[in-house]
Structure formats: C-alpha cells, structure tokens
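# Need coordinates for the following:
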Amino acid sequence: MPTILAVDDDALSLSLLELHLREAGFTPLTASSGAEALAILEHHQVDLIISDLIMPGMDGFELLRQVRERYAGIPTIVITAHGSVESAVEAMRRGAYDFLKKPSNPEQLQITIRRALDYLHVIRENEQIKGLLKERFTFQSIVTLNPVMRQLLERAAKVASARQTTIAIYGESGSGKEVLARAIHYAGNGLPAGFIAVNCAAVPDHLLESELFGHVRGAFTGADHDREGKFSLAHGGTILLDEIGDMPLPLQGKLLRVLQERVFEKIGSNAHFSADCRVIVTTNRNLTNMVSEGRFREDLYHRVNVFPLSIPPLRERKDDIPLLCEHVLNQLRQHLGKQLPGISRQAMEVMLDYHWPGNVRELRNCLERAAILTDGELIRPHHLGIGTAPSSATAPHSDMIPDAVTYTLTVPADKLSLTTLTDRILAITLERCGGNKSKAAQLLRIARKAFYRT
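Next up, the predicted model:
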C-alpha cells in the first residue's frame, strides 16, 4: 500500500485530503509545514508527496527544491487554492510531477496519484535495470588471467572517462568486442544516457544513413514522418558502430564530418544537430588493408583509430579457458536452475585442444548446450559437441584464402544473366563456408552484407 505525505498549513484542507487518501486505499502521513514534512521524510519511506504551494515559512517551491536535493525520485504533486497557469508552469519547471487546484476533486486526485505512482514504478524499474546492466557489463565481469588481456582492460579503464575520444575495438567474431564497449560505457563516470548499438553490416546501404542520422518527413519516398536516428538517441551516452568496415564509402565521408565537427544533419534537413555522445567502433577486419585497397577512407581510419584496443582470440589466451568455464557455469547455474558440478578433466583437455574459431561466444554456447544435456554429473567430452581441432600452430588462420577455387554452374539459357550467376556464386560460396557469411565474404573479397539477399 503506497505511503503518501500530505503537506498543508490549512488544518481543514489537510484533514479532508487525509480522508480522501485513506478512502482511496493509500497510507497517509500529514504535515502542517515544510519543515515538519522534511522531518517526517527522515524517518519514513514515502512514495509520493502532495504539497500546498502557498505556506508560511517554507513554501511549496522551497519544499520541492529540498526534496529533489535530498530525496531524488519521490514525485511531488502541488495542490493550491492560488492556482494559475504561471504557478503551474513554475512548479513543473522546478520538478513537480503535476499541479492541481483546491478544492481537490477526489476522483481527479486519485487519477493523478495513480499516474504519479506508475511513473515512480517506471523510474525505479529503469534504475534497477541500469543497475543490473552496470553490474553485468563491467571490467570486473571480464574474467582473465592473461597478461595481454589484463593490459588491455587497464588501457580500456583509462579511456573510459574520456567521453570525446573515439575508440576502435578490433577482434575476431565472438571475442567480446561489444562486451568491452559496454564496460567502457558503464565505467565512464556514470554516463546519463544509454548505450546504442548499430550493426553496419546488417543494415542495407540505402537505409544506413537514415538509421544513423534520421530523416525528416518527405525526405524520400516513404518518409511519411520524421524519424530520429541513432546519434540522436545516443545523445549524452555512447553509440557503438559495429562492423564499421562494412560502411559504404559515401557514408564514411559523412561519418568523418560527424567525428570532426561533432554535428550531423538529418536526411532532408539543413539543420545541424549536436553529436554529443561517445563513439566506439568495432570490426573484425583489417582496416589498414582496406585503406590500401581503397575500401575504407584513410582520413576516417585515422579519425576512428584514436585509441585502438585489440582483443586477442581465445586460442591465443587458452590460460583463460578454465576461468571462463567456471564464470559461465556460475551464470548457467542461475539461469538454468541446475546443479552443475563442473567439467571433467578429459572434457577440459578437449576444450584446451580446440581451436575456438568462434572465440568466447562459441565457448559459452558450447557450455550452455553441455549444461542442458547433463543431469547432475560432470560435463564430459561427449556433452561438448566439439572435436579435437588443430592447435593454433597448425590451424588455418581465418585470413588465409585458398590458391584456387572451382565452381561448376549450370543455368538454363532463358534464365542466364549476370544477376543469376552472381546469386549462384554467392549461394555456393556460402554453402562451402558452412553458412559463415564473414568467411564467404572474405573469400570473395566483398562486403558481408551482400549475403543478406541470398
């Protein structure tokens, strides 16, 4: 039952308000002055305050100010017989949730209170979610014993407070680039706004500019309303540009201007909007090679590469595998609600031998699958679903391309076209690469997003 503090120097009005609150099912507390209200707040948990605006000594405005300073998060409804538009605007400007006139209508009062309590519930729920996210995505949640990884985390912690510095995170797929980006965001002196991620490879070229910067109504066919872009949504927070290497060249020039001048324009508008957010880019590509091949702007490369962080693949830090396994199993014990005794010595040997092309993401998926299959026993090799792969010394690197590739294509004459041949080659290559779009794109030396239409 919500507790509501009513504050009014008029005894009759206060008694009437207390009666209305009690009849509506609330727990009322009463105070005849602002000072008395502050004294009550020191000893009672209050969900909402309803205060008269005009009172001798400490008026409603001053009480509102002190409540905001000392008890942030408690909504306040101002109620007064001296109601006016000016008073309402001023009360709202100073942080009041709503404004009502005396004498209060019981039905209207109850509706306003319910709305304010719903607002309080949303605020508290959001704070709880932010707390959980901050706890999950911290540098402490990235477990490692590897010297290279520890040095990387130390460097990341130092740049976390530099909000205007662009950060580039390099690493193979599944190595934890977004996890590190989120840890930087939440460590950055409590950034007030959110974390917005954009996968540049997953958005078609002709839509990516609108996705990033937004557009105004009528900017192009189908633009029937204004749309906020991700840079607007990330205002005051962090924007992550994932797979930056897949961004088309024309849009790279526009991003360069945003990073240089910290302003952007919506499509169809000449107005400038502030890009007040931290920018983090990630990629599993070699941007230096892409620059030399003319597929990535050199000036943009230097702009995004201000503070580079390279995450080593899991096969290069196998000393972390036992620690990561225990960390993941602890999470799975809570998530699955199962007793998971641990991993057998034979299973651990298989995991230490494995190449882990999917890195930490693959390890987590492997353990989750094994945890589901086990029933109160140690995880054994047959639960893992992986075989012994070549060691890092002999395993083929993901950048290696075969000397020759043979394609056999049979296409009916009436369907023969460049588009048909292209689609068949894309489909065959994707099948040969086991459905891995990144590997297939690397083999064909094209952008990964080309496979989203096959």
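# Got phi/psi on Cys77?
Check again: residue 77 is Ile, not Cys. In terms of degrees, to the nearest 10, the main-chain angles of Ile77 are phi -110, psi 120.
# Who are the contact partners of it?
By C-beta atoms under 8 Å, 6 or more residues apart in numbering, the contact list for Ile77 reads Leu48, Ile49, Ile50, Ser51, Ala96, Tyr97, Asp98, Phe99, Leu100, Thr112, Ile113, Ala116. C-betas here are computed from N, CA, C, even on glycine.
# Please repeat the previous calculation with a cut-off of 7 Å.
Ile50, Ala96, Tyr97, Asp98, Leu100, Thr112, Ala116 (C-beta atoms under 7 Å, 6 or more residues apart in numbering).
# From Ile54, how far out is it?
Using C-beta to C-beta, to the nearest Å, Ile77 is found at 15 Å from Ile54.
# Any idea how many residues pack against Arg345?
Per other C-beta atoms under 10 Å, the neighbour tally for Arg345 reads 8.
# and if you look at the one 10 residues further on?
Each residue near His355 was counted by other C-beta under 10 Å, and the total is 18.
# do the same with Ala219
Using other C-beta under 10 Å, the number of residues around Ala219 comes to 16.
# Also Leu207?
Using other C-beta under 10 Å, Leu207 is surrounded by 9 other residues.
# in this structure, which ranges drop under the pLDDT threshold?
Along the chain, the model assigns pLDDT under 70 to residues 82-85, 88, 123-137, 188-193, 387-406, 408-409, 411, 448-449, 451-454.
# which residue is nearest the centroid of it?
Residue closest to the mean C-alpha point of the chain, counted by C-alpha atoms, centre = their mean, is Phe195 at 3.8 Å.
# OK, contacts around it?
Applying C-beta under 7 Å, 6+ apart, one finds that Phe195 lies in contact with Arg182, His185, Gly237, Thr238, Leu240.
# State the pair within the residues you listed that is farthest apart.
Arg182 and Gly237 (11.2 Å; C-beta to C-beta).
# Same drill for those two, tell me which one is more crowded.
Taking other C-beta under 10 Å, Arg182 and Gly237 do not tie; Arg182 has more neighbours (22 against 18).
# Torsion angles phi and psi at the more buried one?
Per degrees, to the nearest 10, the residue geometry at Arg182, taken as phi and psi, is phi -70, psi -40.
# any idea how far it is from Asp205?
Plainly put, Arg182 is 27 Å away from Asp205 if you go by C-beta to C-beta.
# what's the answer for Lys437, then?
From Lys437 over to Asp205 (counting by C-beta to C-beta), the distance is 16 Å.
# Tell me where the stretch 51-200 of the chain has helices.
Applying DSSP state H, counting those that start in this stretch to the stretch 51-200 of the chain gives helices spanning 60-70, 85-93, 106-136, 147-159, 177-187.
# among those, which is the most enclosed?
helix 177-187 (a mean of 22; mean count of other C-beta atoms under 10 Å).
# packing partners for that helix?
Counting contacts by 3 or more C-beta pairs under 7 Å, 6 or more residues apart in numbering; DSSP states H and E, helix 177-187 is packed against helix 147-159, strand 167-170, strand 195-199, strand 238-242, strand 278-283.
# The third one vs helix 177-187, what angle?
In other words, strand 195-199. 160 degrees (axes from the mean of the first three to the mean of the last three C-alpha atoms, to 10 degrees).
# Direction included, what does strand 195-199 pair against?
Partner strands for strand 195-199, per DSSP bridges, with pairing direction: strand 238-242 (parallel).
# Kindly format the C-alpha coordinates of the partner strand as PDB.
The C-alpha trace of strand 238-242 is given here as PDB (Å, rounded to 0.1, in the frame of the first residue of the first chain):
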ATOM      1  CA  THR A 238      27.500   6.000 -26.200                       C
ATOM      2  CA  ILE A 239      26.900   4.900 -29.800                       C
ATOM      3  CA  LEU A 240      28.600   1.700 -31.000                       C
ATOM      4  CA  LEU A 241      29.200   1.300 -34.700                       C
ATOM      5  CA  ASP A 242      29.700  -2.400 -35.100                       C
END
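# which residues in the stretch 301-450 of the chain form strands?
Listed in chain order, the strands of the stretch 301-450 of the chain (DSSP state E, counting those that start in this stretch) span 307-310.
# Which phi and psi values does the closest residue to Ala219 other than its chain neighbours adopt?
Nearest non-adjacent residue to Ala219, counting by C-beta to C-beta, 6 or more residues apart in numbering: Gly268, 2.7 Å away. The phi/psi pair for Gly268 (degrees, to the nearest 10) reads phi 90, psi 0.
# Gly268 and Ser210, how far apart?
According to C-beta to C-beta, Gly268 and Ser210 sit 10 Å apart.
# Same drill for those two, tell me which one is more crowded.
Comparing Gly268 with Ser210 by other C-beta under 10 Å, the one with more neighbours is Ser210, at 19 against 15.
# Following the chain onward from the helix or strand hosting that one, which element is next?
Taking DSSP states H and E as the criterion, the element that holds Ser210 is helix 205-213. Going down the chain from helix 205-213, the next helix or strand is strand 214-215, by DSSP H and E.
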